[in-house]
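K.L.:
can't give you the sequence, but here's the structure:
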Ligand SMILES: Cc1ncc(COP(=O)(O)O)c(C=O)c1O
Ligand SMILES: N[C@H](C=O)CCC(=O)O
């Protein structure tokens, strides 16, 4: 059966035919058959260079041989014990060694769980209820944070089913705007438990913090006794071995991980300073739990992933990212187009927008219809990216120089086509 037919059936079985809304695009998404390295193959027989990479986790590419070997071995030894394992200590130690803010780690199963628990921890620690997020950041699909949210929520805003009494404690401000944040904190600072942020916004495309912005936020949070949470679900183990906090040299109180940490399997983690982390049950009064938390399969995959992610890996990968972005900018200029190529390290996105994009409002001014045309042309030209202007594209260690040449050629060809229409 082909993707088109399968989508008709899947829509009968599952709302929208998908297990996460961002995956549904018109007329129908391709159904995956298999994937290896930098490539994904659909059941219709077409192979694409993959820059979606499972929305970020696959920094080593698909079916990384060492991870496949490790999880095959682990599966034979059991996939769930319901008691602690030595490998949990090993992975937590690896995180503690790499990540500046990490004195202790609590494992969970997803980024959503991680940010939900991190916010509860900050509230438990400070005894305050309000939280601050930035317009367009995405911190998962739980009730506290689906406010002016990015990712799929940028195109499906204002989820029903969330009591107003829950979100009235969630305040949001524009990213990269020191004045707006200062004003809010001067007014509300003593009631605010935490500021939660994506250090690089990866759920409205890709937006970097302006120079000095993170230092400004760090100082403000210290002055008002506010917990600073870096949501490193995307940036963790992507920008550098110690995440965005190491990359930018600004240390939060707590951070959250998921995606890359699981080596391609589901995982989440909250890491932070000991005096805060010790509040988690059973030591403290902040409840946090999960049947599959710290499960041996995800933990083993995570250890095997991190073993391969050393400094030289990031140097090489980030150089590739820089080169690709330069090439894209040159090509776009040669075509006489005025589009924005945003990105950092191995993250990138093209905005169909003539003006620089530094926050959510500016990102939303991009031409999403043109982006959709571009996405479909890219598929025709053998490249798969996330089907939304408000997602990010990624590179992996499995992407060869030849892959990147093909990608930049496919992007150039796709842009030519859509602007000739
Ligand atoms: C920055 C960020 N935080 C949290 C999440 C939620 O993670 P998950 O999808 O694993 O629940 C995501 C992505 O989904 C994310 O990009
Ligand atoms: N943008 C999201 C994660 O970063 C996409 C993942 C999903 O919701 O399926």
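P.N.:
That came through, no problem. Because the structure is a prediction, the values reported are computed rather than measured. Ligands and ions are numbered 1, 2, ... in the order given.
K.L.:
and this structure, which of its residues are near ligand 2?
P.N.:
Within the chain, the positions near ligand 2 by CB under 6 Å from any ligand atom are 20, 22, 55, 56, 138, 151, 152, 203, 234, 391. Using the backbone N, CA and C atoms, a C-beta is placed for each residue, glycine as well.
K.L.:
narrow those to those in helices?
P.N.:
Using DSSP state H, the subset of the residues of the chain next to ligand 2 located in helices is residue 152.
K.L.:
check which helix or strand residue 183 maps to.
P.N.:
helix 178-188 (DSSP states H and E).
K.L.:
who does that helix touch, helix- and strand-wise?
P.N.:
Counting contacts by 3 or more CB pairs under 8 Å, 6 or more residues apart in numbering; DSSP states H and E, helix 178-188 is packed against strand 130-134, strand 170-173, helix 213-224.
K.L.:
give me every residue that touches whichever residue of the stretch 201-350 of the chain sits closest to ligand 2.
P.N.:
In the stretch 201-350 of the chain, no residue comes nearer to ligand 2 than residue 203, which is 4.8 Å away by CB to the nearest ligand atom. Shown in contact with residue 203 (CB atoms under 8 Å, 6 or more residues apart in numbering): 136, 137, 138, 149, 150, 151, 154, 234, 390, 391, 392.
K.L.:
give me the number of residues near the nearest residue to residue 395 once chain neighbours are set aside?
P.N.:
Computed as CB to CB, 6 or more residues apart in numbering, the closest residue to residue 395 that is not its neighbour in sequence is residue 346, at 4.0 Å. Residue 346 has 27 neighbours, counted by other CB atoms under 10 Å.
K.L.:
and the pLDDT for the closest residue to ligand 2 within the stretch 251-400 of the chain?
P.N.:
Relative to ligand 2, the nearest point of the stretch 251-400 of the chain is residue 391 (5.3 Å; CB to the nearest ligand atom). Confidence at residue 391, expressed as pLDDT, is 98.
K.L.:
wait, it sits on residue 22?
P.N.:
Yes: taking CB atoms under 8 Å as the definition, residue 391 is a contact partner of residue 22 at 6.6 Å.
K.L.:
which of the two has more neighbours?
P.N.:
The residue with more neighbours, out of residue 391 and residue 22, is residue 391; 24 against 20, by other CB under 10 Å.
K.L.:
residue contacts, that one?
P.N.:
Taking CB under 8 Å, 6+ apart, we find residue 391 in contact with 22, 52, 55, 151, 202, 203, 205, 349, 385.
K.L.:
quick one: it from ligand 1, how far?
P.N.:
Remark: distance between residue 391 and ligand 1 (CB to the nearest ligand atom, to the nearest Å) = 9 Å.
K.L.:
from ligand 1, how far off is the closest residue to residue 159 other than its chain neighbours?
P.N.:
Among residues not flanking residue 159 along the chain, residue 146 sits closest, at 5.0 Å (CB to CB, 6+ apart). Residue 146 is 11 Å from ligand 1, where distance means CB to the nearest ligand atom.
K.L.:
okay, and the common contacts of residue 391 and residue 22?
P.N.:
55, 151.
K.L.:
hmm, back to that, got a winner among the contacts of residue 391 for most neighbours?
P.N.:
residue 205 (31 neighbours).
K.L.:
and the nearest residue to residue 338 once chain neighbours are set aside, what helix or strand is that in?
P.N.:
Spatial nearest neighbour of residue 338, chain neighbours left out: residue 354 (4.4 Å); criterion: CB to CB, 6+ apart. Under the criterion DSSP H and E, no helix or strand holds residue 354.
K.L.:
quick check, residue 354 in contact with residue 332.
P.N.:
No: judged on CB under 8 Å, residue 354 makes no contact with residue 332 at a distance of 11.4 Å.
K.L.:
now find how far off-centre the longest helix seen in the chain is within its chain.
P.N.:
The longest helix of the chain (DSSP H) is helix 311-334. In this view, helix 311-334 has its centroid 20 Å away from the chain centroid, taken as CA atoms, centre = their mean, to the nearest Å.
K.L.:
now for it, which elements pack on it?
P.N.:
Using 3+ CB pairs under 8 Å, 6+ apart, helix 311-334 sits against strand 340-344, strand 347-351, helix 401-420.
K.L.:
where in the stretch 301-421 of the chain is pLDDT low?
P.N.:
Residue ranges of the stretch 301-421 of the chain with pLDDT under 70: none are present.
K.L.:
ok, back up a step: give me the phi and psi angles of the residue nearest to residue 159.
P.N.:
Phi and psi for residue 146, reported as degrees, to the nearest 10, are phi -80, psi 60.
K.L.:
so who does it touch?
P.N.:
153, 159, 162, 167.
K.L.:
now with 7 Å, please.
P.N.:
For residue 146, the contact set (CB atoms under 7 Å, 6 or more residues apart in numbering) comprises 153, 159, 162.
K.L.:
ok, those residues vs ligand 2, which is closest?
P.N.:
The shortest approach to ligand 2 among the contacts of residue 146 belongs to residue 153, at 9.0 Å (CB to the nearest ligand atom).
K.L.:
how close does the residue in the stretch 1-150 of the chain that ligand 2 sits nearest to get to residue 386?
P.N.:
Relative to ligand 2, the nearest point of the stretch 1-150 of the chain is residue 20 (3.2 Å; CB to the nearest ligand atom). Plainly put, residue 20 is 11 Å away from residue 386 if you go by CB to CB, to the nearest Å.
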